[in-house]
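Student: Here is my input, please return the structure:
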Amino acid sequence: MNWRSPAARLALLELLVRGSLKRRRAQASTWDALDELPWTRRTGRRDEVGLVEERRHELVALLGRVWPEWGEVLAALTARGLAPTPDGWNEFEDAQRAEGLPQLPDQLNRRTAAALVAPHSKATLTGRRLAALGDAEATHDGSVRLRPPQGLVAITPQGRVDLAAVAAILGEVSIPERALSGGLTLEGVMRAALLVENLGAFCDLRAVDGWLLVHVPGWDTATVARLLERLGHVPVIHFGDLDPNGVRILQHLRGLRSDIRWFVPEFWSEFVDAKGLPGVWPDDLDLNEVPPLVRGLASRGLWLEQEPLAVDPRTSAALAAML
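Tutor: Okay, here's the model as predicted:
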């Protein structure tokens, strides 16, 4: 048994201080080892051992060997009103990290923020850890890829740029989350905005006059949500795969904006026999408000990808007909 691991040392300290120890997943192997030693006995409560007082000195001796600083650690925990438990230890470490923070900028990438207020950059930013950032905003720093219509201009405190002119040279434009959160606005006439799930379809779809095309890569909608705030009364239409995940993504997007419509043209049914892919539709998936074609696919256990429609000559007219 590795008594020097952080989880094991903390379990020993809790048993010493509280006189009992509950079995937790993170300390399971330590609990099992203690359960087999004569230092402990079952308390009668589920998954809990208690310290045999006559063996306390043996526990103290073990703690002294594997964690010589345990006395100072216990005093520091007690001074903060924290228990010698995994939760108490996590809060203690969070507090220490928070006290050592440098001056932070107004915005901070979530990975950078986690590296400062959590154990590592991929750790969860809990409410306590976010509070430690003070006024600094933790950002996802995504970007949204656009194919803008003629005349669409982006305006920020730093100036204005003709998005269509940039796209005429590069093929598309990308707007970062920080620009959107920093007050970017859009100026110009848009007949509609089309959210396109897959990158291939976004790149290859024939442009529709006056339409803004937006790439929405699956569940990565944090930045798109900020863009939707700027579209006001512009009609928003979603174009994605006809499969269970496509249904869930649309439902998620409607949670951001309830009036989003789904582009499922009638001629798409012509692709079912040639392009339909075998796929499972979960029984618990809500299909009450989906188009008939989607229900038909579900009943046959088939999925349809959106890419073939990207170059179909009927697609542009079908999109325009939705308005």
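
Student: Quick one: neighbours of T40, just the number.
Tutor: T40: 21 surrounding residues under other Cβ atoms under 10 Å. (C-beta placed from N, C-alpha, C; glycine too.)

Student: make that A193, sorry
Tutor: Residues near A193, counting by other Cβ under 10 Å: 21.

Student: Quick check, pLDDT for the residue sitting nearest the centre point of the chain.
Tutor: The centroid of the chain falls nearest to D220 when counting by Cα atoms, centre = their mean (7.7 Å). Turning to D220, the model gives it a pLDDT of 78.

Student: and stretch 15-22, which residues are buried?
Tutor: 15-17, 21-22 (16 or more other Cβ atoms under 10 Å).

Student: Alpha carbons of it, in PDB - could you do that?
Tutor: The C-alpha atoms that make up stretch 15-22 are tabulated as PDB, following Å, rounded to 0.1, in the frame of the first residue of the first chain:
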ATOM      1  CA  LEU A  15      -9.200   8.900  10.600                       C
ATOM      2  CA  LEU A  16      -6.900  10.300  13.300                       C
ATOM      3  CA  VAL A  17      -8.800  13.600  13.700                       C
ATOM      4  CA  ARG A  18     -12.400  12.300  13.400                       C
ATOM      5  CA  GLY A  19     -11.900   8.800  14.700                       C
ATOM      6  CA  SER A  20     -13.800   7.400  11.700                       C
ATOM      7  CA  LEU A  21     -13.400   7.200   7.900                       C
ATOM      8  CA  LYS A  22     -16.100   6.700   5.200                       C
END
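
Student: Can you give the domain ranges for the chain?
Tutor: Split into domains by automatic domain parsing, the chain comes to 1-100, 102-139, 143-321.

Student: Go ahead and confirm Q150 touches A164.
Tutor: Yes. Between Q150 and A164 there is a contact at 4.9 Å, judged by Cβ atoms under 8 Å.

Student: about what we covered before: could you dump the buried residues of stretch 15-22 to TSV with distance to E48 and pLDDT?
Tutor: Listed next are these as TSV, based on distance: Cβ to Cβ, whole Å; pLDDT from 0 to 100:
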residue	distance to E48	pLDDT
L15	10	96
L16	15	96
V17	15	96
L21	7	96
K22	5	95
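
Student: Most widely separated two among these?
Tutor: Within the buried residues of stretch 15-22, two members stand farthest from each other by Cβ to Cβ: L16 and K22, at 14.7 Å.

Student: returning to what we had before: do you know how far the residue nearest to the centre of the chain is from L184?
Tutor: With distances taken as Cβ to Cβ, to the nearest Å, D220 is found 19 Å from L184.

Student: Lovely, talk soon.
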